[in-house]
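Q: no sequence for this one, just the structure:
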């Protein structure tokens, strides 16, 4: 299995103004820090998405498989919540690329952390050529708007970005001054209930 993001989200789940408020940045410093703040938001969002294994705002992913599953008809789609499946293509035994239609599959995603694809009732996955990457599934995942992203996730991004704004080195001094310690990420408790099962 290979997963590749082919289209990023157009916006971020938190705004620069929210980070400014979280970080208590002086208004006079905002203009000089704008680019840096935007970069922190992007990096914190990327980190949180990696930790919880989910997409926050709408983005497009390509899942590549060597074949359709045989022992079970279920295909798990990483990076929930899945909004829509755009296409499913495969290389037939003849070597010709074919496409399934929306009537061939069923997306099971209602409330599930791990969305699943199965054949429609009465259908089975087709046979494919013996080839690496014979099956390709393109889908969009993530919430539609920033307001739809759960509040704990958004706050975790703000906490992490604000922490990186304050601590710009890879390590920071311990409170006792006796040495160095990794910069702590105090966001785990906010994200814990949003981690998909196979990431935990």
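A: Arrived safely. Computed from a predicted structure; not experimentally measured.
Q: can you give the contact residues for whichever strand or helix holds residue 86?
A: Element membership for residue 86, per DSSP states H and E: strand 82-91. Strand 82-91 is contacted by residues 58, 60, 68, 97-100, 102, 104-105, 107, 109, 115, 117, 126, 128-129, 131, 134-142, 144 when judged by Cβ atoms under 8 Å, 6 or more residues apart in numbering. Using the backbone N, CA and C atoms, a C-beta is placed for each residue, glycine as well.
Q: next helix or strand past that strand?
A: In N-to-C order, the element after strand 82-91 by DSSP H and E is strand 97-99.
Q: strand partners (parallel or antiparallel) of that following strand?
A: strand 82-91 (antiparallel) (DSSP bridges).
Q: report the buried members of the contacts of strand 82-91.
A: 58, 60, 68, 100, 105, 107, 109, 115, 117, 128, 134-142 (16 or more other Cβ atoms under 10 Å).
Q: looking at those, which are in strands?
A: 60, 105, 107, 117, 135, 136, 137, 138, 139, 140, 141 (DSSP state E).
Q: which one among these gets closest to residue 80?
A: Ranked by distance to residue 80 (Cβ to Cβ), these are led by residue 141 at 6.3 Å.
Q: right, I'll call it a day here.
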